[in-house]
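> what's the 3D shape of this:
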Amino acid sequence: MNDKRDLVILGGGLVGMTLALAAAKQGITSHVIDKALPEQLTAEGIDGRASAISTASWNLFTNIGLAPRLEPLGCPISSIAVTDAMRPGRIDFQPGAEDGTLGRMFANRDIRLALFEAARAEPAIAWASGVEPVSRERGEHGVAVTLSDGRVAEGALLIGAEGRQSPTRAEAGLSSAKWDYRHRAFVSGITHEQPHGGVAWEIFYSAGPLALLPLQDLPDGRHRSAVVWTVDEKDAKGIAALSDAQFLGEIAARMDGIFGQLELSAPRISYPLNFHHAPRIVDHRLALVGDAAHGMHPIAGQGFNLGLRDVGCLVEVLGEGMRLGLEPGDAQLLARYERWRSLDSVSVMATTDALVRLFGIPGRLPSFARRLGMGAVQRSGWLKRFFMDEARGMSGDLPHLLRA
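Have a look, this model is predicted:
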C-alpha cells in the first residue's frame with residue numbers, strides 16, 4: 001500500500017463500500033479496509049436479512065452504476081400497510097402514478113455481491129480484506145492506518161464505517177446518546193401460499209412490531225417475504241428455543257391469515273435493538289458514516305437509507321471542495337458535512353423512536369387512540385403525502401446523488 005489515497009475507509013460493508021464507489025465516480029480515491037473476507041459475507045445462508053431501499057437510495061445506486069446489476073433482483077414495494085394488531089383503522093400508503101414505487105426490497109447478500117463486483121472493477125478503490133487496523137494516526141498532513149499484516153494505508157481523510165460498535169468513533173472520543181430498547185429482532189424469510197402483491201406490512205403489537213417485506217418469488221414460483229419480528233427481551237430466550245414449526249406458528253398467529261400457508265425459507269438470526277446517536281460525527285481528519293454515526297430501531301426500515309444519505313452528502317461536500325482546490329481532510333468541508341447531516345438524522349431517529357414508544361403502550365384505550373389517529377392520516381391527503389415522501393426519502397435537502 002505505497003500509494004496515498006484521498007480516503008481511508010474502515011469498514012467495507014454496505015455503507016462503506018457504497019461510499020467508496022460513490023467517491024470513485026467523483027474521482028475520489030480510497031483504501032477500503034475490512035476484517036471480513038468477501039466470500040464470508042456473501043456465502044449462502046450467512047445473512048438472511050433484507051433491506052428496503054427507498055426511492056432516494058435507489059437514485060444513488062442508479063447514479064453510481066449499480067442499478068443494472070441490482071434491478072433484476074429487487075421486488076418493488078407497491079404499497080405499505082400499517083396496522084395496530086390487525087384491528088380496524090389501518091393506513092394504506094399507495095404512491096401516485098408519478099411517484100413510481102415506494103422503494104424496492106433486496107436481500108442484503110445481493111446488494112453485497114453487486115457492490116463487491118463493482119469494487120473489484122474500480123481502479124480508484126484499493127480493497128484490503130481479512131485484515132484489521134492495529135493503529136490509526138491522524139496528523140496535520142494526512143492519516144495512516146497500520147494493518148494487522150504490517151501494511152500501512154495512507155490518505156487525507158479517515159472514514160469510520162465499521163457499524164454501531166465503531167472502534168474509530170470510540171478512539172476519537174466522539175460520544176453518543178444511547179439507550180437499550182430491551183427488544184430483540186428475529187429475522188428470517190418465509191414462503192407463502194398467497195402472493196404478497198408488493199405490499200410491505202408493518203403490524204404493530206405492544207411487545208414489538210412484525211414486519212413482512214415483499215421479496216421476489218423463488219424460481220419455482222413460490223411467493224416469498226422477509227420477516228422481522230421484534231419481541232421483548234425477556235421473551236427472546238424462549239422464542240429462540242422454539243422449533244422452526246413453533247416459530248412459524250407464532251408468526252402465523254400474528255398475521256391473521258393474510259398469506260395462507262407458510263414455510264420458513266431462511267435461517268433465523270436475532271440481534272438486540274438499541275439506539276445511539278453521535279452529536280458530533282467529524283473530528284480532525286475524521287468523518288463517521290452509517291451506523292458508526294447513528295443506529296436506530298428497524299421499525300421503519302430507515303437505518304440503511306440514513307447511511308446512504310450520509311454517503312451522498314459526504315461525497316458531494318468532498319467533491320465540491322476538491323474542485324475548489326481543498327483537500328478531503330479540510331476542516332471546513334467536514335464541518336459542512338456535519339451541519340448537513342445533523343437535522344436530517346436527528347429528525348428521522350426521533351420519529352422512529354417516537355413510533356416505538358407510541359405503539360409500545362399496551363391496553364385497549366391506547367390502541368383505540370392510535371387507530372383514531374391512523375384513521376385521520378388515512379383520510380388526509382397531505383398527511384399521507386408527507387409520510388410517503390419520508391418513506392421514499394424524497395424530503396429535505398437531498399444531495400445530487402440521491403435525486404432522480
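
> Now do the SS call for residue 175.
Assigned with DSSP: H, G, I helix; E, B strand; the rest coil, residue 175 falls in the coil class.

> Hmm, residue 278 and it touching each other?
Yes - here residue 175 reaches residue 278: they are 7.0 Å apart, a contact under C-beta atoms under 8 Å. All C-beta atoms are positioned from the backbone trio N, CA, C, and that covers glycine.

> Out of the two, name the residue with the larger neighbour count.
Legend: neighbour count by other C-beta atoms under 10 Å for residue 175 and residue 278, higher for residue 278 (22 against 12).

> neighbouring contacts of the helix or strand of the chain with the lowest mean pLDDT?
One helix or strand of the chain scores below all others by mean pLDDT, DSSP states H and E: helix 381-392, with a mean of 77. For helix 381-392, the external contacting residues (C-beta atoms under 8 Å, 6 or more residues apart in numbering) are 54-56, 80, 91, 93, 95, 99, 102-103, 300, 348, 351, 376-378, 395.

> what does stretch 350-365 give?
84, 181, 204-209, 275, 296-297, 299-300, 302, 370, 390.

> out of the residues you listed, which are inside strands?
The strands, defined by DSSP state E, take in 84, 181, 204, 275 from these.

> How many residues are close by the nearest residue to residue 367 once chain neighbours are set aside?
Of all residues not flanking residue 367 in the chain, residue 84 sits nearest, at 5.5 Å (C-beta to C-beta, 6 or more residues apart in numbering). Using other C-beta under 10 Å, residue 84 has 23 other residues around it.

> What's the local residue count around residue 212?
Other residues near residue 212 number 23, with proximity taken as other C-beta under 10 Å.

> no, scratch that, I was asking about residue 240
For residue 240, the count of nearby residues is 13 (other C-beta under 10 Å).

> Model confidence score at the nearest residue to it once chain neighbours are set aside, please.
Spatial nearest neighbour of residue 240, excluding adjacent residues (C-beta to C-beta, 6+ apart): residue 270 at 6.3 Å. At residue 270, the model reports a pLDDT of 93.

> Surely residue 270 forms part of a strand?
Yes - counting by three-state DSSP, residue 270 falls inside a strand.

> How much space separates it from residue 84?
Computed as C-beta to C-beta, to the nearest Å, the residue 270 to residue 84 distance reads 24 Å.

> of the contacts of helix 381-392, buried ones?
In the contacts of helix 381-392, burial by neighbour count holds for 54-56, 80, 91, 93, 95, 102-103, 300, 348, 351, 378, 395, counting by 16 or more other C-beta atoms under 10 Å.

> Now pLDDT too, for those residues, in TSV please.
Supplementary listing: the buried ones among the contacts of helix 381-392 in TSV, determined by pLDDT from 0 to 100:
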residue	pLDDT
54	93
55	93
56	94
80	92
91	87
93	88
95	78
102	88
103	91
300	71
348	84
351	81
378	80
395	78
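
> pLDDT wise, what is the nearest residue to residue 212 once chain neighbours are set aside at?
Excluding the flanking residues, the one nearest residue 212 by C-beta to C-beta, 6+ apart is residue 201, at 4.0 Å. Looking at residue 201, its pLDDT reads 95.

> Might one say that residue 201 is in contact with residue 81?
Yes - counting by C-beta under 8 Å, residue 81 is a contact partner of residue 201 at 5.1 Å.

> roughly how far apart are the residue nearest the centre of the chain and residue 291?
Central residue of the chain (C-alpha atoms, centre = their mean): residue 304, 1.3 Å from the mean position. Distance, residue 304 to residue 291, by C-beta to C-beta: 9 Å.

> shared neighbours, those two?
Common contact partners of residue 304 and residue 291 (C-beta under 8 Å, 6+ apart): residue 15.

> which helices and strands sit right next to whichever strand or helix holds residue 188?
Using DSSP states H and E, residue 188 sits in strand 177-192. With contacts taken as 3 or more C-beta pairs under 8 Å, 6 or more residues apart in numbering; DSSP states H and E, strand 177-192 sits against strand 223-232, helix 233-240, helix 244-253, strand 262-264, strand 269-277.

> returning to what we had before: any idea which of the contacts of stretch 350-365 is closest to residue 226?
When those are ranked by distance to residue 226 (C-beta to C-beta), residue 209 comes first, at 13.6 Å.

> what's near enough to touch the closest one?
Neighbouring residues of residue 209 by C-beta under 8 Å, 6+ apart: 202, 203, 228, 230, 299, 359.

> what's the answer for residue 26, then?
So residue 26 contacts 315, 318, 319, 322 (C-beta under 8 Å, 6+ apart).

> Can I get the host helix or strand of the third one as PDB, trimmed to CA atoms?
Residue 319 belongs to helix 303-323 when assigned by DSSP H and E. Extracted in PDB, the C-alpha atoms of helix 303-323 (Å, rounded to 0.1, in the frame of the first residue of the first chain):
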ATOM      1  CA  GLY A 303     -31.300   2.700   9.100                       C
ATOM      2  CA  PHE A 304     -29.500   1.700   5.800                       C
ATOM      3  CA  ASN A 305     -31.200   4.500   3.900                       C
ATOM      4  CA  LEU A 306     -30.000   7.100   6.500                       C
ATOM      5  CA  GLY A 307     -26.500   5.800   6.000                       C
ATOM      6  CA  LEU A 308     -26.800   6.200   2.200                       C
ATOM      7  CA  ARG A 309     -27.800   9.800   2.800                       C
ATOM      8  CA  ASP A 310     -24.600  10.200   4.700                       C
ATOM      9  CA  VAL A 311     -22.800   8.800   1.700                       C
ATOM     10  CA  GLY A 312     -24.500  11.200  -0.700                       C
ATOM     11  CA  CYS A 313     -23.800  14.300   1.400                       C
ATOM     12  CA  LEU A 314     -20.200  13.500   2.200                       C
ATOM     13  CA  VAL A 315     -19.300  12.700  -1.400                       C
ATOM     14  CA  GLU A 316     -20.900  15.900  -2.600                       C
ATOM     15  CA  VAL A 317     -19.200  18.000   0.000                       C
ATOM     16  CA  LEU A 318     -15.800  16.400  -0.700                       C
ATOM     17  CA  GLY A 319     -16.200  16.600  -4.500                       C
ATOM     18  CA  GLU A 320     -17.100  20.300  -4.400                       C
ATOM     19  CA  GLY A 321     -14.300  21.100  -2.100                       C
ATOM     20  CA  MET A 322     -11.700  19.300  -4.100                       C
ATOM     21  CA  ARG A 323     -12.800  21.000  -7.300                       C
END
